[in-house]
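[1] Just the structure for this:
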Amino acid sequence: MIVVTNTTPIISLASIQKTEILKRLFSEIIIPQAVYDEIKAKESYGYKEVESDFIKVQQIKGQLYKDLLLNQLDNGEAETILLAKELDADLVIIDENIAYKIAQNSDLKVTRTLSILLKAKEMGIIKRVKPLLDEMISKGRWYSPRVYNGFLKKIGEL
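    The predicted model follows:
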(Lines give C-alpha, C1' and ligand atoms only; values in the text may rest on other atoms or scores of the structure.)
Protein backbone atom coordinates (compact mmCIF):
# COMPACT_ATOMS: atom_id res chain seq x y z
CA MET A 1 0.00 0.00 0.00
CA ILE A 2 1.39 3.39 -1.01
CA VAL A 3 0.53 6.10 1.52
CA VAL A 4 1.63 9.72 1.11
CA THR A 5 1.17 12.21 3.93
CA ASN A 6 1.39 15.93 4.46
CA THR A 7 3.05 17.72 7.38
CA THR A 8 0.13 18.21 9.79
CA PRO A 9 -0.71 14.53 10.38
CA ILE A 10 2.91 13.77 11.32
CA ILE A 11 3.20 16.81 13.59
CA SER A 12 -0.18 16.12 15.22
CA LEU A 13 0.66 12.49 16.00
CA ALA A 14 4.22 13.36 17.05
CA SER A 15 2.85 15.90 19.55
CA ILE A 16 1.23 13.01 21.45
CA GLN A 17 4.01 10.46 20.78
CA LYS A 18 1.76 8.37 18.52
CA THR A 19 3.49 8.34 15.12
CA GLU A 20 3.79 4.58 15.53
CA ILE A 21 0.08 4.47 14.64
CA LEU A 22 1.11 5.28 11.08
CA LYS A 23 3.71 2.51 11.12
CA ARG A 24 1.26 -0.03 12.54
CA LEU A 25 -1.48 0.87 10.07
CA PHE A 26 0.61 1.24 6.92
CA SER A 27 4.15 -0.17 7.55
CA GLU A 28 5.60 2.69 5.51
CA ILE A 29 4.58 6.22 4.60
CA ILE A 30 6.09 8.47 1.97
CA ILE A 31 6.54 12.21 2.28
CA PRO A 32 7.71 14.68 -0.34
CA GLN A 33 10.89 16.66 0.24
CA ALA A 34 8.87 19.82 1.01
CA VAL A 35 7.12 18.08 3.93
CA TYR A 36 10.45 16.88 5.28
CA ASP A 37 11.85 20.39 4.97
CA GLU A 38 8.82 21.93 6.73
CA ILE A 39 9.15 19.55 9.66
CA LYS A 40 12.91 20.01 9.91
CA ALA A 41 12.67 23.81 9.69
CA LYS A 42 12.44 24.06 13.48
CA GLU A 43 13.04 21.63 16.29
CA SER A 44 9.48 20.91 17.36
CA TYR A 45 6.92 18.10 17.07
CA GLY A 46 7.91 15.68 14.36
CA TYR A 47 11.51 16.89 14.12
CA LYS A 48 12.97 13.58 15.34
CA GLU A 49 10.07 11.36 14.30
CA VAL A 50 10.44 12.28 10.61
CA GLU A 51 13.75 10.40 10.69
CA SER A 52 11.95 7.13 11.55
CA ASP A 53 12.77 4.15 9.36
CA PHE A 54 9.15 3.80 8.19
CA ILE A 55 9.04 7.35 6.78
CA LYS A 56 10.54 7.63 3.30
CA VAL A 57 11.32 10.96 1.63
CA GLN A 58 10.86 11.26 -2.13
CA GLN A 59 11.30 14.09 -4.61
CA ILE A 60 8.46 15.09 -6.93
CA LYS A 61 8.96 15.22 -10.67
CA GLY A 62 6.23 17.67 -11.69
CA GLN A 63 7.64 21.12 -10.94
CA LEU A 64 5.41 22.75 -13.57
CA TYR A 65 2.26 21.45 -11.90
CA LYS A 66 3.59 22.43 -8.50
CA ASP A 67 3.69 26.07 -9.57
CA LEU A 68 0.01 25.85 -10.50
CA LEU A 69 -0.94 24.36 -7.14
CA LEU A 70 1.03 26.96 -5.22
CA ASN A 71 -1.68 29.49 -6.09
CA GLN A 72 -3.92 27.79 -3.51
CA LEU A 73 -1.68 25.54 -1.41
CA ASP A 74 1.53 25.71 0.55
CA ASN A 75 4.66 23.95 -0.65
CA GLY A 76 4.11 20.76 1.40
CA GLU A 77 0.47 20.37 0.41
CA ALA A 78 1.26 20.89 -3.28
CA GLU A 79 4.09 18.36 -3.26
CA THR A 80 2.00 15.86 -1.27
CA ILE A 81 -0.73 15.88 -3.91
CA LEU A 82 1.74 15.75 -6.79
CA LEU A 83 3.74 12.91 -5.26
CA ALA A 84 0.56 10.96 -4.56
CA LYS A 85 -0.46 11.35 -8.21
CA GLU A 86 3.02 10.43 -9.48
CA LEU A 87 3.15 7.30 -7.32
CA ASP A 88 -0.51 6.39 -7.92
CA ALA A 89 -0.88 6.32 -4.13
CA ASP A 90 -3.53 4.20 -2.48
CA LEU A 91 -4.11 6.84 0.20
CA VAL A 92 -3.19 10.46 0.94
CA ILE A 93 -3.37 11.92 4.46
CA ILE A 94 -4.12 15.65 4.40
CA ASP A 95 -5.96 17.67 7.05
CA GLU A 96 -6.25 21.16 5.53
CA ASN A 97 -9.63 21.69 3.82
CA ILE A 98 -8.52 23.23 0.53
CA ALA A 99 -5.76 20.66 0.01
CA TYR A 100 -8.16 17.86 0.98
CA LYS A 101 -10.68 19.01 -1.64
CA ILE A 102 -8.04 19.44 -4.35
CA ALA A 103 -6.75 15.92 -3.60
CA GLN A 104 -10.30 14.55 -3.85
CA ASN A 105 -10.86 16.41 -7.12
CA SER A 106 -7.61 14.88 -8.39
CA ASP A 107 -9.12 11.40 -7.97
CA LEU A 108 -7.01 10.57 -4.92
CA LYS A 109 -8.33 8.60 -1.97
CA VAL A 110 -7.80 11.05 0.86
CA THR A 111 -8.23 10.88 4.62
CA ARG A 112 -7.48 13.02 7.67
CA THR A 113 -5.74 12.52 11.00
CA LEU A 114 -9.05 12.02 12.84
CA SER A 115 -9.95 9.17 10.51
CA ILE A 116 -6.50 7.65 11.07
CA LEU A 117 -7.20 7.70 14.83
CA LEU A 118 -10.59 6.08 14.26
CA LYS A 119 -9.02 3.36 12.10
CA ALA A 120 -6.44 2.74 14.85
CA LYS A 121 -9.28 2.37 17.35
CA GLU A 122 -11.16 -0.03 15.08
CA MET A 123 -8.01 -2.14 14.68
CA GLY A 124 -7.37 -2.22 18.43
CA ILE A 125 -4.19 -0.13 18.27
CA ILE A 126 -5.72 2.47 20.59
CA LYS A 127 -8.68 2.16 22.95
CA ARG A 128 -10.27 5.59 22.55
CA VAL A 129 -9.86 8.59 20.25
CA LYS A 130 -11.07 11.37 22.57
CA PRO A 131 -8.13 11.37 25.02
CA LEU A 132 -5.66 11.53 22.11
CA LEU A 133 -7.67 14.24 20.37
CA ASP A 134 -7.83 16.27 23.58
CA GLU A 135 -4.07 15.89 24.04
CA MET A 136 -3.40 17.00 20.44
CA ILE A 137 -5.54 20.08 21.08
CA SER A 138 -3.68 20.82 24.31
CA LYS A 139 -0.42 20.68 22.27
CA GLY A 140 -1.63 23.25 19.77
CA ARG A 141 -3.73 21.37 17.20
CA TRP A 142 -6.99 23.20 16.49
CA TYR A 143 -10.37 21.77 15.58
CA SER A 144 -13.58 23.76 15.41
CA PRO A 145 -16.17 22.83 18.07
CA ARG A 146 -18.41 21.59 15.24
CA VAL A 147 -15.74 19.19 13.94
CA TYR A 148 -14.66 18.11 17.45
CA ASN A 149 -18.16 17.44 18.75
CA GLY A 150 -19.48 16.03 15.48
CA PHE A 151 -16.64 13.57 15.08
CA LEU A 152 -16.73 12.35 18.68
CA LYS A 153 -20.54 11.94 18.56
CA LYS A 154 -20.27 10.04 15.29
CA ILE A 155 -17.81 7.54 16.80
CA GLY A 156 -19.72 7.25 20.11
CA GLU A 157 -17.18 8.99 22.35
CA LEU A 158 -19.24 12.05 23.31
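[2] Stretch 109-118 spans what distance, first to last residue?
    Chord length of stretch 109-118, first to last residue, is 17 Å (Cα to Cα, to the nearest Å).
[3] Go through that stretch and flag the buried ones.
    For stretch 109-118, burial by neighbour count (16 or more other Cβ atoms under 10 Å) applies to Val110, Thr111, Arg112, Thr113, Leu114, Ile116, Leu117, Leu118. Where you see a C-beta, it was placed from the backbone N, CA and C, and this is true even at glycine.
[4] Looking at these, which are in helices?
    In this view, these that belong to helices under DSSP state H are Thr113, Leu114, Ile116, Leu117, Leu118.
[5] any chance of those in JSON lines, plus pLDDT?
    Putting those into JSON lines (pLDDT from 0 to 100) gives the following:
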{"residue": "Thr113", "pLDDT": "97"}
{"residue": "Leu114", "pLDDT": "97"}
{"residue": "Ile116", "pLDDT": "98"}
{"residue": "Leu117", "pLDDT": "98"}
{"residue": "Leu118", "pLDDT": "97"}
